[in-house]
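> Curious how this folds, go ahead:
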Amino acid sequence: MVSEFFNVKLYITQHMNEQLGKKEGVTFSKISSAVNSMNIKEYERPIFCDLGGAVGKAVNTRGPQNPYVMSMNHLRYKFATLNVNDLKNIGAASKAMRTSYFPWITTNIVQKFTNEPFYGQPYKIFNVNKMKLAVVGGYGGPAEEKTEQISSVNLTASLKKWIRFMHGKENPDYVIVFVSDFTQDEKEIEELKNSLEGVGIVITGSEYTGDYEEQTMSFTTTRIHGEKVPLYHHVHNGHIMELDIRFKTRVNTFEYLGHSMAIRDKEFSKVAEDIEYLDLIHRYL
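Numbering: from 1, shown residues only. Predicted coordinates for the structure are as follows:
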């Protein structure tokens, strides 16, 4: 059954390395506890995704799995991308990524000799209420981060190429772009936004800001029927961001009604630890 009005909610994490549990701030354990307390139906479950910074650090454990990837699997993450900290230790990151149940999407981390995305298809399609929601990932960090096998190519050019390809092949109804480690230079941000067509929202990662007052302010917008929908851009400078997008089902398409965005570090840091999660993870530490 198709609903006339529906929401798509995403929880976007970043810089979660060393954030398993039993410490101040946002941890995977507290996120797990918060999800358990939501008491929602399976089809209402938020989409969990990551902007990078979870797997770049080498971890010595008794078991074969990386505890951060285990946590993301446990929370049923749907996709992730990489940031500069992951690429600085690409060996450990690649080893950890092999045990993930979700894809790693990035358009501009490519195989050095073929220029094809190193981690495979750099986008993912979700079917929500029969609407096609597309997410595309990119790496916005230093271009010199590379190894003998991989290199980073121009972000804007690669995003344009893959968004054009995706629209031709998949025909999505709504597109969100995720870019890790992107600059805070307003000119470069505007250049990126002006180069993207067929995109609704751009989320760019940033360095973590521990002061809640300095984190990106909450944002809510409601579209007036008939007005042109601009390209929205939000900077993620916390550990966890909530993005809630509202839609209306039309006869042959889906209408964007508005969205809200908020960094949820303050709320999630107050949640109690999930003891069952901690027991599961610490068996492997």
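
> Show me the strands in the stretch 151-285 of the chain, by range?
174-180, 201-205, 219-222, 232-236, 240-249, 254-263 (DSSP state E, counting those that start in this stretch).

> just so I know, which of those strands lies nearest residue 274?
strand 240-249 (14.8 Å; C-beta to C-beta). For glycine as for every other residue, the C-beta is placed from the backbone atoms N, C-alpha and C.

> The closest one - contacts with which helices or strands?
strand 5-13, strand 174-180, strand 201-205, strand 254-263 (3 or more C-beta pairs under 8 Å, 6 or more residues apart in numbering; DSSP states H and E).

> one more time with 7 Å, if that's ok
Contact analysis of strand 240-249 by 3 or more C-beta pairs under 7 Å, 6 or more residues apart in numbering; DSSP states H and E lists strand 5-13, strand 254-263 as its packing neighbours.

> out of the strands of the stretch 151-285 of the chain, deepest packed?
Neighbour counts (mean count of other C-beta atoms under 10 Å) averaged over each of the strands of the stretch 151-285 of the chain peak at strand 174-180, with a mean of 25.

> Can you get me a residue count around residue 49?
26 (other C-beta atoms under 10 Å).

> List phi and psi for it.
Dihedral pair for residue 49: phi -150, psi 170, per degrees, to the nearest 10.

> What is the burial count for the residue nearest to it when sequence neighbours are not counted?
Leaving aside its chain neighbours, residue 49 sits nearest to residue 79 (5.1 Å; criterion: C-beta to C-beta, 6 or more residues apart in numbering). By other C-beta under 10 Å, 21 other residues sit near residue 79.

> Then residue 198?
13.

> that older thread, the residue nearest to residue 49 contacts residue 101, doesn't it?
No: with contacts counted by C-beta atoms under 7 Å, residue 79 stays clear of residue 101, the gap being 10.7 Å.

> what does stretch 187-197 rub up against?
156, 159, 160, 163, 177, 202, 231, 233 (C-beta atoms under 7 Å, 6 or more residues apart in numbering).

> From the chain's centroid, how far away is that stretch?
Remark: stretch 187-197 is offset 19 Å from the chain centroid, using C-alpha atoms, centre = their mean, to the nearest Å.

> buried sites along it?
Neighbour-count burial for stretch 187-197 flags 189, 192, 196 (criterion: 16 or more other C-beta atoms under 10 Å).

> same thing with stretch 275-285?
Result for stretch 275-285 [16+ other C-beta under 10 Å]: buried residues 277, 278, 281.

> And for stretch 121-140?
Buried, per 16+ other C-beta under 10 Å, within stretch 121-140: 122-124, 126, 128-129, 131, 133-140.

> and the end-to-end length of that stretch?
Start-to-end span of stretch 121-140 (C-alpha to C-alpha, to the nearest Å) is 18 Å.

> Could you pull up the mean pLDDT of that stretch?
For stretch 121-140, mean pLDDT rounds to 96.

> can you pull the contacts of the nearest residue to residue 58 once chain neighbours are set aside?
For residue 58, ignoring the flanking residues on the chain, the nearest one in space by C-beta to C-beta, 6+ apart is residue 92 at 4.1 Å. By C-beta under 7 Å, 6+ apart, the contact set of residue 92 is 56, 57, 58.

> Give the buried residues for the helix or strand harbouring residue 92.
Using DSSP states H and E, the element containing residue 92 is helix 90-97. By neighbour count with 16+ other C-beta under 10 Å, helix 90-97 contains the buried residues 90, 92, 93, 94, 95, 96, 97.

> before we move on, what about stretch 17-28?
Neighbour count says stretch 17-28 has 17, 19, 20, 21, 26, 27, 28 buried, by 16+ other C-beta under 10 Å.

> Can you add pLDDT and distance to residue 265 and give those residues back as CSV?
Formatted as CSV, these follow (pLDDT from 0 to 100; distance: C-beta to C-beta, whole Å):
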residue, pLDDT, distance to residue 265
17, 91, 16
19, 91, 11
20, 91, 16
21, 88, 16
26, 97, 5
27, 96, 11
28, 96, 14
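
> As CSV, these with distance to residue 4 and secondary structure would be great.
Formatted as CSV, the buried residues of stretch 17-28 follow (distance: C-beta to C-beta, whole Å; DSSP: H, G, I helix; E, B strand; the rest coil):
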residue, distance to residue 4, secondary structure
17, 42, coil
19, 39, coil
20, 41, coil
21, 41, coil
26, 35, coil
27, 38, coil
28, 36, helix
